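Q: sharing a sequence plus its predicted fold:
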Amino acid sequence: MNELLIWSDGVQYLCTWRGPHASEIRDLFGTDTLPTPWLANADPEVVRDDIAKHNAECVVRLAGAAR
């Protein structure tokens, strides 16, 4: 299962890839964690919904949330 874990560093939201696609992301970018266009003051549910809309093949979760 491919999963995107969304979390904030206090400035912006980032996504950490987990699962089979994570190695492909690491090969392409040298990391499995990528920034999103969302700043930390954005509503986390809005961020999750938007990222999920663009990554239908992944389970998208907020860090610390049991979803």
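A: Great, that's in hand.
Q: what are the buried residues along the helix or strand that contains residue 21?
A: Element membership of residue 21 [criterion: DSSP states H and E] is helix 20-29. Within helix 20-29, the residues that count as buried by 16 or more other CB atoms under 10 Å are 21, 22, 25. Using the backbone N, CA and C atoms, a C-beta is placed for each residue, glycine as well.
Q: following it, which helix or strand comes up?
A: Heading C-terminal from helix 20-29, the first helix or strand you meet, by DSSP H and E, is strand 33-39.
Q: tell me what that following strand is packed against?
A: Applying 3 or more CB pairs under 8 Å, 6 or more residues apart in numbering; DSSP states H and E, we find strand 33-39 packed against strand 12-18, helix 44-54.
Q: quick one: strands adjacent to it?
A: strand 12-18 (antiparallel) (DSSP bridges).
Q: can you list contacts of the strand it pairs with?
A: The contact list for strand 12-18 (CB atoms under 8 Å, 6 or more residues apart in numbering) reads 2-8, 25, 32-36, 38-40, 42, 44, 47, 51.
Q: what angle do the lowest-mean-pLDDT helix or strand in the chain and strand 12-18 make?
A: Every helix and strand in the chain was compared by mean pLDDT, DSSP states H and E; the lowest is helix 20-29, with a mean of 94. Per axes from the mean of the first three to the mean of the last three CA atoms, to 10 degrees, the angle that helix 20-29 makes with strand 12-18 is 120 degrees.
Q: how far does helix 20-29 sit from the chain's center?
A: 13 Å (CA atoms, centre = their mean, to the nearest Å).
Q: how about residues contacting it?
A: Helix 20-29 has contacts (CB under 8 Å, 6+ apart) with 2, 17, 31, 32, 34, 58.
Q: among those residues, name the buried ones.
A: Buried among the contacts of helix 20-29 (16+ other CB under 10 Å): 2, 17, 32, 58.
Q: what's the farthest-apart pair in the residues you listed?
A: The distance between the two most remote of the buried ones among the contacts of helix 20-29 (CB to CB) is 12.7 Å, for 32 and 58.
Q: now the residue sitting nearest the centre point of the chain, nearest residue through space, not along the chain?
A: Note on the chain: the residue nearest the mean C-alpha position is residue 15, at 2.6 Å, using CA atoms, centre = their mean. Of all residues not flanking residue 15 in the chain, residue 4 sits nearest, at 4.7 Å (CB to CB, 6 or more residues apart in numbering).
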